[in-house]
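Novice: Show me how the following folds:
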Amino acid sequence: MDITTSIGAFDAATRNVPVTFTYAGVTHQRDVNAVLDATGAYDAQGTAQRVDAVARGVKVKVDLGVISNTPEPAEDTTPATGTESSAAAS
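Specialist: Model prediction:
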């Protein structure tokens with residue numbers, strides 16, 4: 001199974017691109033440093049190569065369980081009492 005990537009728009013202020021990595025049911029988002037050419041202009045091809053390198057590391061981390069989807073918060077099953085404790089008020 002291959003990892004897929006989606007590269008977002010270049011942010012000149014941070015010199016990053018947002019990237020979404022998807023692999024084995026896990027979706028991971030992070031910024032990646034963009035590649036700039038000798039004149040300081042955004043290099044889309046160089047950035048894509050950098051994202052590919054980062055993706056290989058993300059794939060390994062998913063395989064190791066270091067990166068996973070964030071679990072849904074557990075539903076609070078504590079019965080509501082309708083009143084607050086007097087200890088909390090003091």
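Novice: what ranges do the helices span in this structure?
Specialist: Ranges of helices in the chain, per DSSP state H, are 44-64, 86-89.
Novice: Next, the buried residues of the first one.
Specialist: Pointing back at helix 44-64 there. T47, R50, V51, V54, A55, V58, K59, K61, V62 (16 or more other CB atoms under 10 Å). All C-beta atoms are positioned from the backbone trio N, CA, C, and that covers glycine.
Novice: just to revisit the earlier point, just send the helices of the chain back as JSON lines, with distance to N33 and mean pLDDT too.
Specialist: Shown next, in JSON lines, are those (distance: least, CB to CB, whole Å; pLDDT from 0 to 100):
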{"stretch": "helix 44-64", "distance to N33": "7", "mean pLDDT": "98"}
{"stretch": "helix 86-89", "distance to N33": "48", "mean pLDDT": "54"}
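Novice: Point to the residue nearest the middle of this protein.
Specialist: Q29 (2.1 Å; CA atoms, centre = their mean).
Novice: Leaving out the residues flanking it, which one is nearest to Y23?
Specialist: Leaving aside its sequence neighbours, Y23 sits nearest to I3 (CB to CB, 6 or more residues apart in numbering; 4.0 Å).
Novice: just checking, that neighbour touches G57?
Specialist: No. Applying CB atoms under 8 Å, one finds I3 not in contact with G57, separated by 10.0 Å.
Novice: tally of neighbours for the residue nearest to S6 when sequence neighbours are not counted?
Specialist: Excluding the flanking residues, the one nearest S6 by CB to CB, 6+ apart is T20, at 4.4 Å. For T20, the neighbour count with other CB atoms under 10 Å is 13.
Novice: just I67 next, same as before
Specialist: Residues near I67, counting by other CB under 10 Å: 18.
Novice: which residues does it contact?
Specialist: V26, H28, V58, K61 (CB atoms under 8 Å, 6 or more residues apart in numbering).
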